[in-house]
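> Quick one, fold the following:
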Amino acid sequence: MIARSTFLGVFFAILAFLSSATAHEARPAYMQVTEVAPQRYEILWRTPVLSGMRLPVVLRFPENTRNVTEPVLRELSDSLIERRIIETDRGLAGTRIEIVGLQATITDVLVRAQMLDGTYSTTLVRPSKPWVEIATSRSSLGVAGAYLMHGIEHILFGFDQLLFVFALILIVRSGRVLLVTVTAFTVAHSITLSLATLGVVHVPGPPVEATIALSILLLACEILRSERGQVSLTAKWPWVVAFSFGLLHGFGFASALIEIGLPQGDIPLALFAFNVGVETGQLIFIAVVLGAVRCVRLTKLPVAVERHARLITTYAIGIMAAYWFVQRLAGVAT
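Prediction:
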């Protein structure tokens, strides 16, 4: 039973705190290659800035590549954007652009290439293979795969989102109800994710991130109310609460997708793949937690652990959520 094994939540909470005091720090870098004339390309290179430090990577183009315009830098609060125009003797299609230094980081790079003939490619570059080969043909499968993986990674590295899902696992006792609850959460954040990414609705990022932390804190309070035998809205209608908060969390997911952009011509496919990736990541996380719970059920725990584990776990979630809320609220104020 979950009540018997929720001491595992303390481990997840501590892991989240040590890994990232603020969520969504594992932002990808982004490169866009646009052919503006035969054998001439506009390069947009966006790298995240973490704790005031630029990502220590540089682009290395094929031989006989020349700058038509010198790189122009623009500093944002969370990233650095570099633009330039280059030209080559034979074009970039079928060639390799290396990302020197990426192998020493944990950052992925999303690369989009658009050619004059309308063909394009979207590739997710990982540190283990720090280069991208510019495709010579259009690939919808590549678009779907790249955005699917980005959705999975975004949820698995978004510790506040995982903490919210973990809190839902604690408060929902029935497997069937948990499935309905998580589905409601997914449907809700898919709606606002799509609306925000397409520009239909715009909500500033910092207030959204602060409110997401507050939603986790409120959920922790609901768990405590349920433990004390008090009436809890979330315990009675968890899917309603999950859907309501899911609308809010969707704006948080959208911030990551807006950063990397959507491929023109495959916007519906990219949105769908990203949403599927987020849902897949959630299911992976839930499966891991429930699998761990099942393993613990096979062991005999001390009575004191069984009695206090759920309470300790809930307080750990609440403390972390409160820390995030105050930190992000301070960021909004400044």
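
> what about the helices in the stretch 201-334 of the chain?
Using DSSP state H, counting those that start in this stretch, the helices of the stretch 201-334 of the chain run over residues 205-227, 233-236, 238-260, 267-297, 303-333.

> Considering those helices, which stretch scores lowest in mean pLDDT?
Here the lowest mean pLDDT among the helices of the stretch 201-334 of the chain goes to helix 233-236, at a mean of 77.

> List the buried residues for it?
By neighbour count with 16 or more other CB atoms under 10 Å, helix 233-236 contains the buried residues 234-235. The way it works is simple: take the backbone N, C-alpha and C, and place the C-beta from them, glycine included.

> which one of the helices of the stretch 201-334 of the chain lies closest to S174?
Nearest to S174 among those is helix 238-260 (9.4 Å), distances taken as CB to CB.

> so the closest one versus helix 205-227, what angle?
Angle of helix 238-260 versus helix 205-227, following axes from the mean of the first three to the mean of the last three CA atoms, to 10 degrees, is 160 degrees.

> then helix 238-260 to PDB, C-alphas only?
What follows is helix 238-260, C-alpha atoms only, in PDB (Å, rounded to 0.1, in the frame of the first residue of the first chain):
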ATOM      1  CA  PRO A 238      -9.000  14.400  -7.600                       C
ATOM      2  CA  TRP A 239      -9.500  14.600 -11.400                       C
ATOM      3  CA  VAL A 240     -11.300  18.000 -11.100                       C
ATOM      4  CA  VAL A 241      -8.400  19.400  -9.100                       C
ATOM      5  CA  ALA A 242      -5.800  17.800 -11.500                       C
ATOM      6  CA  PHE A 243      -7.600  19.200 -14.500                       C
ATOM      7  CA  SER A 244      -7.700  22.700 -13.000                       C
ATOM      8  CA  PHE A 245      -4.000  22.700 -12.000                       C
ATOM      9  CA  GLY A 246      -3.200  21.100 -15.400                       C
ATOM     10  CA  LEU A 247      -4.400  24.200 -17.200                       C
ATOM     11  CA  LEU A 248      -1.800  26.100 -15.200                       C
ATOM     12  CA  HIS A 249       1.000  23.600 -15.700                       C
ATOM     13  CA  GLY A 250       0.400  23.700 -19.400                       C
ATOM     14  CA  PHE A 251       1.800  27.200 -19.600                       C
ATOM     15  CA  GLY A 252       4.900  26.000 -17.900                       C
ATOM     16  CA  PHE A 253       5.400  23.300 -20.500                       C
ATOM     17  CA  ALA A 254       4.800  25.800 -23.200                       C
ATOM     18  CA  SER A 255       7.700  28.000 -22.100                       C
ATOM     19  CA  ALA A 256      10.100  25.200 -23.000                       C
ATOM     20  CA  LEU A 257       8.500  24.600 -26.400                       C
ATOM     21  CA  ILE A 258       8.400  28.300 -27.200                       C
ATOM     22  CA  GLU A 259      12.200  28.500 -26.500                       C
ATOM     23  CA  ILE A 260      13.000  25.900 -29.200                       C
END
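
> What is the neighbour count of K300?
Look at K300: counted by other CB atoms under 10 Å, it has 8 neighbours.
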